[in-house]
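J.: Could you work out the structure for the sequence below:
(2 chains)
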There are 2 protein chains.
Amino acid sequence: MRTSIATVCLSGTLDEKLVAAQAAGFDGVEIFEPDLVASPRSPEEIRARADELGLTLDLYQPFRDFEGVGPELLERNLRRAAAKFGLMNRLGIDTILLCSNVATARSGDEQLAAAQLRQLGDLAQGFGVRVAYEALAWGRFVDSYETAARIVRIADHPAIGLCLDSFHILSKGHSPEAIETIPAEKIFFVQMADAPLLTMDVLSWSRHHRVFPGEGGFDLGAFMAHLIRTGYDGPVSLEIFNDTFRQTDALATAIDGRRSLRWLEHEAAAALGSGAGGGAARMRTSWLPGVASPADVNYVELRTTELPELRRLLGQLGFRSHGAHRSKAVELWSQGAARVVLGAPDTDHRQPTVAGIGFSVSDPATAVRRAEDLFAPDVPRQEGAGEEPLVGVRTPDGSEVFFGADGGGEPRWVGEFGRPSDPDAGLIERVDHINLAQPWQHFDAAVLFFLSVLDLHAEASVEVAAPVGLVRSQVLRSADGIVRIALNLVPSGARDDAILPQHIAFASSDVLALARAARDRGFAPLDIPANYYDDIEARYLIEPGLLADLRELNVMYDRDDSGEFLHFYTQPVGTVFLEVVERREGYAGYGALNAPVRLAAQYQHRRAAREEAAR
Amino acid sequence: MRTSIATVCLSGTLDEKLVAAQAAGFDGVEIFEPDLVASPRSPEEIRARADELGLTLDLYQPFRDFEGVGPELLERNLRRAAAKFGLMNRLGIDTILLCSNVATARSGDEQLAAAQLRQLGDLAQGFGVRVAYEALAWGRFVDSYETAARIVRIADHPAIGLCLDSFHILSKGHSPEAIETIPAEKIFFVQMADAPLLTMDVLSWSRHHRVFPGEGGFDLGAFMAHLIRTGYDGPVSLEIFNDTFRQTDALATAIDGRRSLRWLEHEAAAALGSGAGGGAARMRTSWLPGVASPADVNYVELRTTELPELRRLLGQLGFRSHGAHRSKAVELWSQGAARVVLGAPDTDHRQPTVAGIGFSVSDPATAVRRAEDLFAPDVPRQEGAGEEPLVGVRTPDGSEVFFGADGGGEPRWVGEFGRPSDPDAGLIERVDHINLAQPWQHFDAAVLFFLSVLDLHAEASVEVAAPVGLVRSQVLRSADGIVRIALNLVPSGARDDAILPQHIAFASSDVLALARAARDRGFAPLDIPANYYDDIEARYLIEPGLLADLRELNVMYDRDDSGEFLHFYTQPVGTVFLEVVERREGYAGYGALNAPVRLAAQYQHRRAAREEAAR
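T.: Predicted structure coming up:
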């Protein structure tokens, strides 16, 4: 599959965009006209630079408001087109995107539009270029690809074909099935864009909220399957207008985009099924190396300057220390199958506090190959002689993901630490979920990363009010619910890292017993206001004994259709905190109703600590 | 008019919200339940704190999903209500907001809903409280205030009345006229919210995009007039769910909100006309001190560390120096009626580079009274003996606005500087517009400030692509177009101040002659790429001689239905740059199509300067 990206997707100057597209592994780019107009480089210089980088210039775009006009305006439009065709010759680009007329068309007569396109085709042929006609979702008369395809068929000119854009088709709810009726040689170009399923005017939706394939709600695998069955094998290009991408480092965005196309290729292969491409299919798509979702969270690695505080907390929660690693400057704490690796932060690299997550998988080598195939950068890690190899990749926020063999029972690498002196307290069983705060620039990229690399499924996202803004939260989980990663989008105004800490939630079979045992060891939980307990008392019929326990132990409560949820929090330590949760009778949520109370309590705690420090 | 604000409008803890509401001058607040639930203070403590601050607690909100349910759920809902009524007694709040049922209603039978509300009313009476029933725009069966009013009429219970929310009424396109048919004693509460006119699902619109009255597109003056004619004289309260407010300093938001209610009162008085309140009107509303829009921009004050560079630029553009002020550490440059006051930045205060704007008004004392009436803070300024008094106020971004007497001709304060030695070059006539980059947190507040304080009108806002993100731009202008302030919203990701500089545009009758004269004085304009001129050549039929001049002098070009626009830019100096514009035959715009090219050129310029510095 040949891959391309429109320069409008990336921030910076045209030069910077070309470098980013090449570095991320794209085959080519679409030149977005305003990027060219604003560039101090001549068209010839841009062409030479793309050559040097090994990038093809696949499309010049957009040309607007051509067809369906009166004769005088047609004359002017042809003059305008001739200037752009000349420019394309200088750039060495052979295809231009023509958007269906939104502003100046006076007639929806398809014969008239086709006749005018034929004139444009004659002009284009003189320059050796061709025109890809695209129905915009908000075109005045032409707003569906089937209409555009009809006009192209009537025009019947070798230099006039179609551009198909998944957003313009799927945003209107049009079925992409009829793509299969279009002859492949009439599909001049294909643009892929995803989007969250919003109910809003389609122009604003398109201009601000497009995302890369896999990051939104459209079924693009099925779309691609229809396309591939036509026999199309031209570029598959990303054209994403997105407010965040415009503000984000161009290379990070480009890598995210390149990953999305690799994921799309996999999804298309899945949608096509084995050999279902039929005789026409010429585009080669390939599956990613097949992996199952991880069997469990093998360990979580925390890097923090506040080691004594965290050791104390873990001890109070009943974790036992295995001491230091035999060759690395980290230590291990465990309880049941929950393992926490603790270490000081790297000096050369600004890590998130949850610096790494180890997953147990059936085949670590294949899991890494899949991640690499999805453009995830390797993490180099040195093993001592006889140590268990751990292979890993880096996520968009700079944290690391490691894959270890799922041997059932205790992983072998645990033996590289000392033997714990204490017996297992037995009240914590494993990691329930991990909550990763994501900078707003990388949120969509992080969702796609975990989804595609670990083969997780995205739950519906929720919004939670914090004292400093709304937090968007998106859970990615394995089908069996054992692996759950919650990604939280930090509000853009929240400049203070501590505002939205990362956290690990451990699963317990008896949160109340654990809270009591911890209290006996000197544990002070995050304080939950009395008003909260008055509120849940009004909201639910809670057995008075249980309510008294909750109040006494600062344990929070939630309920869904299947069961109950009991959970408590530690006070924050730097930018991390811990949670213990108990899911009764298959409760499936995360206590989202309680999150604002927890966030406010943490805000109060931070404020009090600052006032204390100022005294 | 009694004013109130819902705590959900403000960021931080409940304590912080109360302090901000009081400091901004509100009479009371609505307690938003999640703020109470998350507060460590008991209801009695909150009540005492509000008393101490002199704030009334006007409403407890929201109570949800009560009516239209089956008997079993009704029982549970009444139990839930009793708990909240008890809580209200502890808080000393006598009114609760009941939203129309969105989730659990099984029937839209108005008789049933009314009978259930009657039961609720009996319960409320026992606690000495009352229930204000509000139709949510997305209520399952009750989604219009006329339906809610009918149900309340049928219920016919002294403890059951209505809450009217302008957003829920106007977002659905419902006419507010029928408000006048509701008896005043049945209107228990009124919430005012504005919103930009977006086409999107009403729930998301309401949850994320509400703004304070005057900052959106609804006609709230007319809405208020209908309300006042009923005889209602209870609190008028702000209930604004807004993603930005949640992240912004609570006091800044509260002042913005208080200003919006003062503005609304003025607009209501205008909509009522003189005495048109009729016999029923009991609410006192008052006009703001009447002012006309400023006659012109008297001066612009720039505060910068780069004085030598700016002096050189002004000299090259033909400005003449008047030397230093007789008592203050500033200097004056002028050409025609364009005056620039230059000085070093304050040391104690982080000012924007455009630190002040002086306006000529017919009655400076009244202009300041109006600004103060709109909660704009005074600017203390010392005058020497015999110096012209300048009175001013501070804008939301910390810059200053001064009012001077419009005497026609040169203002008297000019004599407080020296006499210029050079004659007037005569090619610049006055300030055309001033472009103020606004931090995203203060953008809406800045729009309301300029609109209300200076009596300017808002033009439609536009979005412009910069290499670092989309920039929203909103022009506020006087009816005669002499005073024009463009507010630009800096993308939230743009941490670097230099990314979006402030600028002053001067009006010239002959931009080409001025550009030539400046060049002869050594001026180097902002470089405009050759590709830009190729593009406008393709876009417009431009006379070849003119096009050659534009290319040669780096002058940009635009055209609208009435005329042509020629303009050029200086290179940026720190966080400011200058522009010279020529409007031919009534061109009304600002060259928005050229802005991305200019922004990219500035980005390139900054990048080159950084690389130069690094060498």
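J.: Could I get the buried residue list for stretch A:265-284?
T.: Residues A:265-272, A:277, A:281, A:283 are the ones in stretch A:265-284 that count as buried (16 or more other C-beta atoms under 10 Å in any protein chain shown). Just so you know, the C-beta spots here come from the backbone N, C-alpha and C atoms, and that holds for glycine as well.
J.: Start and end of that stretch, how far apart?
T.: Distance across stretch A:265-284, first residue to last, is 9 Å (C-alpha to C-alpha, to the nearest Å).
J.: quick one: average confidence on it?
T.: Stretch A:265-284 carries an average pLDDT of 77.
J.: and the top strand by length along chain A, which residues are buried?
T.: Taking DSSP state E as the criterion, chain A has its longest strand at strand A:428-438. By neighbour count on 16+ other C-beta under 10 Å, the buried set for strand A:428-438 is A:428, A:431-438.
J.: Provide the strand pairings for that strand, with the direction of each partner.
T.: Its sheet considered, strand A:428-438 pairs with strand A:484-489 (parallel), strand A:502-508 (antiparallel) by DSSP bridges.
J.: Now mean neighbour count and mean pLDDT too, for the ones you listed, in TSV please.
T.: What follows is the strands paired with strand A:428-438, written out as TSV (neighbours: other C-beta atoms under 10 Å in any protein chain shown; pLDDT from 0 to 100):
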stretch	mean neighbour count	mean pLDDT
strand A:484-489	22	93
strand A:502-508	24	96
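J.: what number of residues lie near A:A588?
T.: 14 (other C-beta atoms under 10 Å in any protein chain shown).
J.: Please report how far it lies from A:V300.
T.: Between A:A588 and A:V300 the computed distance is 22 Å (C-beta to C-beta, to the nearest Å).
J.: ditto for A:G214
T.: Per C-beta to C-beta, A:G214 is found 26 Å from A:V300.
J.: Neighbour count: the two, which is higher?
T.: Between A:G214 and A:V300, A:G214 has the larger neighbour count (other C-beta under 10 Å), namely 25 against 20.
J.: Could you report the distance from the more buried one to chain B?
T.: As defined by C-beta to the nearest C-beta, to the nearest Å, A:G214 lies at a distance of 23 Å from chain B.
J.: A:G398 now?
T.: 18 Å.
J.: One more: A:T395?
T.: Counting by C-beta to the nearest C-beta, the gap from A:T395 to chain B is 20 Å.
J.: Isn't that residue up against A:V447?
T.: No: between A:T395 and A:V447 there is no contact under C-beta atoms under 8 Å: 11.0 Å.
J.: in what helix or strand does A:G392 lie?
T.: For A:G392, the element it lies in under DSSP states H and E is strand A:391-394.
J.: Each with direction, which strands does that strand pair with?
T.: Here, using DSSP bridges, strand A:391-394 pairs with strand A:378-379 (antiparallel), strand A:400-405 (antiparallel).
J.: With distance to A:L451 added, can I get the ones you listed in JSON lines?
T.: Listed next are the strands paired with strand A:391-394 as JSON lines, based on distance: least, C-beta to C-beta, whole Å:
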{"stretch": "strand A:378-379", "distance to A:L451": "20"}
{"stretch": "strand A:400-405", "distance to A:L451": "13"}
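J.: most packed of the ones you listed?
T.: Mean neighbours per residue, mean count of other C-beta atoms under 10 Å in any protein chain shown, is largest over the strands paired with strand A:391-394 for strand A:400-405, with a mean of 23.
J.: roughly how far out does that strand sit from the chain middle?
T.: For strand A:400-405, the separation from the chain centroid amounts to 20 Å (computed by C-alpha atoms, centre = their mean, to the nearest Å).
J.: Give me the contacts around it.
T.: A:294, A:298, A:301, A:355-362, A:364, A:367-368, A:371, A:376, A:379, A:381, A:388, A:390-395, A:411-413, A:453-454 (C-beta atoms under 8 Å, 6 or more residues apart in numbering or on different chains).
J.: Among the buried residues of stretch A:265-284, name the ones in helices.
T.: Among the buried residues of stretch A:265-284, the members found in helices (DSSP state H) are A:265-272.
J.: Pick the one among these closest to chain B.
T.: Checking these against chain B by C-beta to the nearest C-beta gives A:E267 as the nearest, at 27.9 Å.
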